[in-house]
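# Next come a sequence and a model predicted from it.
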Amino acid sequence: MPFRTLLAVQAEAVLQAYRTEAAFRERVFSLLAPLQGTPSPRLAAFPELFGLPLLLHLEGEFRWKDLLKDPLLPWRRARRAYGVFHRVMAEAARAFGAYLLSGTLLSPPYEEELARGRFARTPRFQNLALFFNPEGRLLAQVPKMELTPPERWLKRGSFGPHLVETRGGRVGILICLDGFHEKYLARLDALGAEVLLQPSANPAPWERPWPQDPRRKEGEVWLAAARERLSGRENLRLLLNPMLNGAILGLPFEGQSGIYAPGETLLLAKRPKGDEALLLTL
């Protein structure tokens, strides 16, 4: 049965919600509350970098000077943050009976094995998204492939392709800039992806002149590109583009989330700042 309910979560980075696991759980569950009572199968997606503040604020603030005392501190914090992120998102997927894209966090990619438990095959950090089924099982761990200049210290992901077959249809996952590259879109479409999830975090003022053409605005170009991304495809019919808002490490994020069909916008956030729940029932 195709997806009946779609939710794109536009979320602000509220830093106090990342200081404890309980606070983070409360924040996640409150943002998913619009799913209650909706028809299934359900599909929900959080924005890029939604989990990053866990690395910086969980159980005490990250301070650069602490690296002098403990050079392994980023990896210790990343392991704790990944554990909380994975656990809370799995709980939320079960509680709301939804296929759930967690948004992303910065972390080494972790694997699980019976004798070793959870372990990292590489110490390199990636920009990772986690995708869960309604039973809370992790179906896919998706790394970002095309990195912006501030991200180039991260390990670049390889193309999987990031396609998951679910009871609601075939879901493709591309993180922010990845979704603007035609080679990834074409490949997912050719493999039969019907719904594309593109969690995003745009660190540029939404109303600024677009650097490539100052006659146009950043947001105008972004939304026009989103509308056209599905045009003329064989299989892709829906795009969920949840966006992050607020500030992390002094870097401001703005953006209007959307749910799109070929050539049109089905649903769009009212404003490019703050929380918005874009809920579509089919």
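That came through, no problem. Numbering: from 1, shown residues only.
# so what pLDDT did the most centrally placed residue in the chain get?
When C-alpha atoms, centre = their mean is applied to the chain, the residue found nearest the centroid is Gly103 (2.4 Å). Gly103 is assigned 96 on the pLDDT scale.
# Partner strands of the helix or strand where it lies, with direction?
Taking DSSP states H and E as the definition, Gly103 sits inside strand 98-107. Strand 98-107 pairs in its sheet with strand 42-45 (parallel), strand 126-132 (antiparallel), by DSSP bridges.
# got CSV for those strands, with mean pLDDT too?
Below are the strands paired with strand 98-107 laid out as CSV (pLDDT from 0 to 100):
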stretch, mean pLDDT
strand 42-45, 98
strand 126-132, 98
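# Quickly compare the ones you listed and say which is most buried.
strand 42-45 (a mean of 27; mean count of other C-beta atoms under 10 Å). From N, CA and C alone the C-beta is placed, and that goes for glycine too.
# on that earlier part again, let me know whether the residue nearest to the centre of the chain touches Leu49 as I believe.
Yes - using C-beta atoms under 8 Å, Gly103 makes contact with Leu49 at a distance of 6.9 Å.
# Which residues are in contact with each of those two?
Here Gly103 and Leu49 have Leu244 as joint contacts, going by C-beta atoms under 8 Å, 6 or more residues apart in numbering.
# Quick one: mean pLDDT over stretch 78-91.
The pLDDT scores in stretch 78-91 average 98.
# Glu228: which of the strands paired with strand 98-107 is closest?
strand 42-45 (20.2 Å; C-beta to C-beta).
# how far out from the middle of the chain is that closest one?
For strand 42-45, the separation from the chain centroid amounts to 11 Å (computed by C-alpha atoms, centre = their mean, to the nearest Å).
# for stretch 98-112, same thing?
With C-alpha atoms, centre = their mean, you get 9 Å for stretch 98-112.
# How about stretch 206-225?
22 Å.
# Now do the buried residues in it.
Residues 206, 217-219, 222-223 are the ones in stretch 206-225 that count as buried (16 or more other C-beta atoms under 10 Å).
# before we move on, the earlier item: out of the strands paired with strand 98-107, nearest to Pro143?
Once the strands paired with strand 98-107 are compared by C-beta to C-beta, strand 126-132 is nearest, at 4.3 Å.
# now what about that closest one, what contacts it?
48-49, 85-86, 89-90, 93, 99-109, 138-144, 147, 151, 154-157, 164, 171, 173, 175, 197, 199.
# Of these, keep whichever come out buried.
Here, 16+ other C-beta under 10 Å leaves 48-49, 85-86, 89-90, 93, 99-109, 138-144, 147, 151, 154-155, 157, 164, 171, 173, 175, 197, 199 buried among the contacts of strand 126-132.
# Can you name the next helix or strand after the strand holding Gly103?
Immediately after strand 98-107, counting by DSSP H and E, sits strand 110-113.
# which regions of the stretch 101-250 of the chain lie under the pLDDT threshold?
The model of the stretch 101-250 of the chain has no residue with pLDDT under 70.
# what about the longest helix in the chain?
As assigned by DSSP state H, the longest helix anywhere in the chain is helix 73-96.
# Convert that one to PDB, retaining C-alpha atoms only.
Extracted C-alpha coordinates of helix 73-96, given in PDB (Å, rounded to 0.1, in the frame of the first residue of the first chain):
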ATOM      1  CA  LEU A  73      37.000  13.600  23.600                       C
ATOM      2  CA  PRO A  74      35.300  14.100  20.200                       C
ATOM      3  CA  TRP A  75      35.000  10.300  19.700                       C
ATOM      4  CA  ARG A  76      33.700   9.700  23.200                       C
ATOM      5  CA  ARG A  77      31.100  12.400  22.800                       C
ATOM      6  CA  ALA A  78      30.200  11.100  19.300                       C
ATOM      7  CA  ARG A  79      29.600   7.600  20.600                       C
ATOM      8  CA  ARG A  80      27.300   8.900  23.300                       C
ATOM      9  CA  ALA A  81      25.500  11.300  20.900                       C
ATOM     10  CA  TYR A  82      25.000   8.500  18.300                       C
ATOM     11  CA  GLY A  83      23.600   6.200  21.000                       C
ATOM     12  CA  VAL A  84      21.000   8.700  22.100                       C
ATOM     13  CA  PHE A  85      20.100   9.700  18.600                       C
ATOM     14  CA  HIS A  86      19.700   6.100  17.500                       C
ATOM     15  CA  ARG A  87      17.700   5.100  20.600                       C
ATOM     16  CA  VAL A  88      15.300   8.100  20.600                       C
ATOM     17  CA  MET A  89      14.600   8.000  16.900                       C
ATOM     18  CA  ALA A  90      14.000   4.200  17.100                       C
ATOM     19  CA  GLU A  91      11.600   4.700  20.000                       C
ATOM     20  CA  ALA A  92       9.800   7.500  18.000                       C
ATOM     21  CA  ALA A  93       9.400   5.300  14.900                       C
ATOM     22  CA  ARG A  94       7.800   2.600  17.100                       C
ATOM     23  CA  ALA A  95       5.600   5.000  19.100                       C
ATOM     24  CA  PHE A  96       4.200   6.700  16.000                       C
END
